[in-house]
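J.: Coordinates for the following, if possible.
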Amino acid sequence: MNNLFEYKDGKLLWKVSRSNAISIGQEAGTEYARGYRRVYFDGKTCAVHRVIWEMFNGAIPEGMQVDHIDGNPENNKIENLRLVTSSQNAMNRVHKGKIKIKNVSLCAENNKYKVSLQASGKRIFCGYYEDIELADLVAQEARHKYHGIYARGTQ
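T.: Now for the predicted structure:
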């Protein structure tokens with residue numbers, strides 16, 4: 001890979017021109033899903049963040065994934081990438097629910113805020129709360145307790 005690409009400030013740049021459509025120094029890859037980039041080379045398509053990780057750290061071990069620490073798939077700076085399990089990667093997922101607080105949902109049956117999360121393959125129920133601020137605090141504490149450094153806030 002290091003003979004094909006150059007890394008510069010979170011970008012993967014072509015070192016060689018492999019076709020008329022590619023210029024040396026041009027950013028490699030195209031955007032595909034939710035801000036992620038992928039690049040085609042040597043007969044396969046790879047996620048750019050995985051290529052960058054391997055340029056610095058070698059092959060990604062079987063069953064491991066490369067996570068964007070800040071949750072931004074466009075930020076491929078090497079200091080923003082880390083090797084994680086699938087479970088750890090899920091802990092760092094950006095929340096996109098109706099209630100803009102991760103691990104908090106509005107329960108239709110009792111009109112209270114339900115706090116729950118998943119850790120180590122198990123669903124953890126943390127209670128129902130009438131106050132959304134209290135539910136948010138409980139969710140933050142639960143994420144810190146069960147997800148540790150992989151926890152993501154209300155993004």
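
J.: list the contacts for Phe5?
T.: Leu12, Leu13, Trp14, Lys15, Ala28, Val51, Met55 (Cβ atoms under 8 Å, 6 or more residues apart in numbering). Heads up, the C-betas are built off the backbone N, CA and C, glycines and all.

J.: Could you do Asp131 as well?
T.: Tyr113.

J.: count of neighbours near the residue nearest to Phe5 when sequence neighbours are not counted?
T.: Nearest residue to Phe5, sequence neighbours excluded (Cβ to Cβ, 6 or more residues apart in numbering): Leu12, at 5.2 Å. Number of residues near Leu12 (other Cβ atoms under 10 Å) recorded here: 22.

J.: How many residues are close by the residue lying closest to Asp70 once chain neighbours are set aside?
T.: Nearest residue to Asp70, sequence neighbours excluded (Cβ to Cβ, 6+ apart): Asn80, at 5.7 Å. Counted by other Cβ under 10 Å, the residues lying close to Asn80 total 16.
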